[in-house]
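Participant: got a sequence here, can you model it:
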Amino acid sequence: MNKNLKEITDWLSSVIGTQSFNLEPLREEASNRKYFRIKTDKKSFVLVDNSENTEQAANFLYSSKLLINSSINVPEIYAFSEDLRFMLMQDLGEHTLDAATQVNDKEILVKALEQLSLIYFCDQDILKSCTKDSLLKQTEAFTEFCSEQGCNANEIQELELLRKELVENLLNQQFMPVHNDFERRNLMLFEDQLFVIDFQDLNVGPIGIDLASLLFEHDRDYPKELLEEVINLHIINTGLQIEVDEIMNHIMSALSHRSMRIVGTFNRYFKDGKLLNRKRDIEKFLSRIYLGLNYLKKPQIKIIEKIL
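Facilitator: This next block holds a predicted model:
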C-alpha cells in the first residue's frame, strides 16, 4: 500500500469508526483530485483526495455553503481532514447526466436551468470575479496546441487576436455567479432530484459561460427548436432584461472561449500522460469552436477548419 493510500484509509477509519470497508476508484477527471467510492456494510460514501490541491478543496467547501444558502441541491459533506486533503461526501450514485440515456432532454434542461437560476442568486459580493487577465490566461494553451498542429506564425497571430476579441465580448456581458462548468457531466439525478457537483470554480463571470456549457455540450446536439424554447423560458423565469439574439451572441462567444480553454488544458494533460481517456473529445471541442465562430462570423474559422 502506497503512503497516500494508507493515509486515506487511516483517516477514513477514524471518521467512519470501522476498518471494514471497500475502496473503489471512480472515473478520472480533468483535475488533480481523485475520487473513491467507499462501501461499508450499511452505507456508501464518496471520498475525495485533494492532496495535490488543497486550495481547491477550500473553494469547494466555501462554494458548497453559498449554494446551500441559495437552495441549490449539492451533495452533503460529512467530514474533511484538518489539512483539507481528504473529504467525505454523500454518494449520489452513478447517474451523471452525460451518461444518462433514458431521460427526457427537455425535462433535464428545464430542471438544470432552474438550478442555474438559483446560482444567479448566490451572494456575489463575496465571490471572486473573472478579470480580463484571468480570461485571457484561460486560453493561452490553445495557441500552443494550434502551433503543434502546424499553424504558421500568421495564423497564430490571428488566433491571438481572436482570443482578445472573445474576452472583450465576455467582459461586455452581464456578470453574475457562475458554476464555470455547468454541463451534464456535473449534474446528477438522485431520488428524483437534480444535484449540482464539481462547483469549486464558482465565481462571478459572464452569463453566457454556464449556458454555453449546458446547451452546447461537446457530446450532445439538441434540436434548434428545443434550444429556442428553453432559452426563452430561462429569460422569462429569471427576469433577465435581454433579447434572444443578444443572449445567443453571449452564449456563442462563451462557447468558443470555453472550448478553446478545454482543448488547451486537455492537450497539456495528454502531454503529461494524464486523462488519456478523453483524447477523443478534442475533436468534439474543436467542432464547438467552429460552431461558435461560424455563428459569430469570425474569419479565424478557416484556421479551425484546417485543424479539423
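
Participant: CA only for contacts and neighbour counts going forward, please
Facilitator: Fine.

Participant: what is the neighbour count of residue 271?
Facilitator: Neighbourhood size, residue 271 [other C-alpha atoms under 10 Å]: 10.

Participant: can you pull the contacts of it?
Facilitator: Going by C-alpha atoms under 8 Å, 6 or more residues apart in numbering, residue 271 touches no other residue.

Participant: relative to residue 184, how far out is it?
Facilitator: 26 Å (C-alpha to C-alpha, to the nearest Å).

Participant: how about the secondary structure of the residue minimising distance to the centre of the chain?
Facilitator: Centre of the chain computed as the mean C-alpha position; nearest residue by C-alpha atoms, centre = their mean is residue 181, 1.9 Å away. Following DSSP: H, G, I helix; E, B strand; the rest coil, residue 181 is assigned to coil.

Participant: and the strands in the stretch 1-150 of the chain?
Facilitator: 22-25, 34-39, 44-49, 77-80, 86-90 (DSSP state E, counting those that start in this stretch).

Participant: neighbours around residue 195, how many?
Facilitator: Residue 195, neighbours per other C-alpha under 10 Å, totals 20.

Participant: and it, bridged to which residues?
Facilitator: residue 188 (DSSP bridges).

Participant: show me the contacts for it.
Facilitator: 72, 73, 74, 75, 187, 188, 189.

Participant: the same query, at a cut-off of 7 Å, please.
Facilitator: Neighbour list for residue 195: 73, 74, 187, 188, 189 [criterion: C-alpha atoms under 7 Å, 6 or more residues apart in numbering].

Participant: just among these, which is most surrounded?
Facilitator: residue 188 (26 neighbours).

Participant: correct me if wrong: it contacts residue 194.
Facilitator: Yes - using C-alpha atoms under 7 Å, residue 188 is in contact with residue 194, at 5.7 Å.

Participant: counting neighbours, what do you get for residue 226?
Facilitator: The tally of other residues near residue 226 (other C-alpha under 10 Å) stands at 14.

Participant: what does the one 4 residues further on give?
Facilitator: Here the number of neighbours of residue 230 (other C-alpha under 10 Å) works out to 17.

Participant: so which strand or helix has it?
Facilitator: helix 224-238 (DSSP states H and E).

Participant: format the contacts of residue 195 as JSON lines; extra columns: pLDDT.
Facilitator: Formatted as JSON lines, the contacts of residue 195 follow (pLDDT from 0 to 100):
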{"residue": "73", "pLDDT": "95"}
{"residue": "74", "pLDDT": "97"}
{"residue": "187", "pLDDT": "94"}
{"residue": "188", "pLDDT": "92"}
{"residue": "189", "pLDDT": "89"}
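
Participant: a markdown table for these, including distance to residue 33?
Facilitator: Below are the contacts of residue 195 laid out as a markdown table (distance: C-alpha to C-alpha, whole Å):
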| residue | distance to residue 33 |
| --- | --- |
| 73 | 21 |
| 74 | 18 |
| 187 | 18 |
| 188 | 19 |
| 189 | 22 |
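
Participant: so which of those would you say is closest to residue 233?
Facilitator: Lowest distance from residue 233 to the contacts of residue 195 (C-alpha to C-alpha) belongs to residue 187, with 19.9 Å.

Participant: please tell me how far that closest one sits from residue 204.
Facilitator: Applying C-alpha to C-alpha, the value for residue 187 to residue 204 is 20 Å.

Participant: with residue 264 instead?
Facilitator: According to C-alpha to C-alpha, residue 264 stands 23 Å off from residue 204.

Participant: again with residue 151
Facilitator: In terms of C-alpha to C-alpha, residue 151 sits 34 Å off from residue 204.

Participant: the two: which is more packed in?
Facilitator: Between residue 151 and residue 204, counting by other C-alpha under 10 Å, residue 204 is the more crowded of the two (24 against 19).

Participant: what packs against the helix or strand encompassing the more buried one?
Facilitator: Element membership for residue 204, per DSSP H and E: strand 203-206. The helices and strands touching strand 203-206, judged by 3 or more C-alpha pairs under 7 Å, 6 or more residues apart in numbering; DSSP states H and E, are strand 175-178.

Participant: phi first, then psi, for the residue lying closest to residue 299 once chain neighbours are set aside.
Facilitator: Spatially, and ignoring its direct neighbours in sequence, residue 299 is nearest to residue 293 (7.9 Å; C-alpha to C-alpha, 6 or more residues apart in numbering). Torsion angles at residue 293 (phi, psi; degrees, to the nearest 10) stand at phi -70, psi -30.

Participant: so residue 293 is in contact with residue 302, correct?
Facilitator: No - Residue 293 is beyond contact range of residue 302, at 9.6 Å (criterion: C-alpha under 7 Å).
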